[in-house]
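1. 3D, please:
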Amino acid sequence: MLIGTRDVDAVIFDFDGTLADSMWVWDEVDRVFLAKRGIPYTDEFGEMIAVLGFELGADFAIEHFGLDEKPADIIEEWKAAAEEGYATHVMLKPGALEYLRYCKAQGMPLAIATSLQRHLLEPALVNNGVLELFDAICVCDELKCGGKSNPVVYLEAARQLGIPAERCAIFEDVATAARSAKETGAYVVGVYDEHKQQATDELKGIVDRFIMGYAELLDEASQAPDHQDE
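-> Here you go, the predicted model:
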């Protein structure tokens, strides 16, 4: 399947901010968490936590703010605050469902590579009716890979799909993660997200292709010579 200028054999998606309009959940979780401790929220903190995932994020918060707390307690607090939002309110971005279905119709194996914990991710996928579309789900915390500051989660997703990373497309919305994705040799697509954590100009400078939304790719697919209307 052709994406941009690359013919690929599989597609790997980030979830938060890439497939789903979900970053508002973490804004709220982070703001409430810090407010309880009398700490002002900063964009830098939000972006760092988004990349690190739960376990490393809790360690970072304790060290950065000098908190006398256990990482496990912080993680449980974050989990409880986020669960309802993901299970009932997080929706896919416009065109994402249609694009996922198009990829599957083209015979593409699909994976998710995410810093989000599985117990939050899977209810959101179920609520949006897309869980069964994915052939693999790889979670940073389960891999103990240090979040997306390195390419381990993407390489594992490609391995589980049985496709060399160089033959995959990876969709991401955060510059740090996109840079790691590029290290795999994959074709990396940056997805616009209005959340302030996205350093849009930086992301554009890293990825092979940048899209404002999935409608762009769906339009290209509809004009492809081998496209057949259902």
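2. Which strands and helices lie in contact with the lowest-mean-pLDDT helix or strand in the chain?
-> The weakest-scoring helix or strand in the chain, judged by mean pLDDT, DSSP states H and E, is helix 43-65 (a mean of 85). Judged by 3 or more Cβ pairs under 8 Å, 6 or more residues apart in numbering; DSSP states H and E, helix 43-65 is in contact with helix 23-36, helix 71-84, helix 140-143, helix 175-182. Glycine gets a C-beta too; all of them are placed from N, C-alpha and C.
3. So which residue is smack in the middle of this protein?
-> residue 14 (2.4 Å; Cα atoms, centre = their mean).
4. Against residue 189, how distant is the residue nearest to it when sequence neighbours are not counted?
-> Closest residue to residue 14 apart from its sequence neighbours, by Cβ to Cβ, 6 or more residues apart in numbering: residue 172 at 4.9 Å. Distance of residue 172 to residue 189, given as Cβ to Cβ, to the nearest Å: 7 Å.
5. Look at these two and report which has more neighbours.
-> residue 172 (27 against 24; other Cβ atoms under 10 Å).
6. so that one makes contact with residue 207?
-> Yes. Between residue 172 and residue 207 there is a contact at 7.4 Å, judged by Cβ atoms under 8 Å.
7. Residue ranges of each domain in this protein, please.
-> 2-22+91-223, 23-89 (automatic domain parsing).
8. before we move on, back to that, so which of the helices and strands packed on helix 43-65 gets nearest residue 109?
-> In terms of Cβ to Cβ, the element of the helices and strands packed on helix 43-65 nearest to residue 109 is helix 175-182, at 16.9 Å.
9. taking the mean pLDDT, what do you get for that closest one?
-> Averaged across helix 175-182, pLDDT comes to 96.
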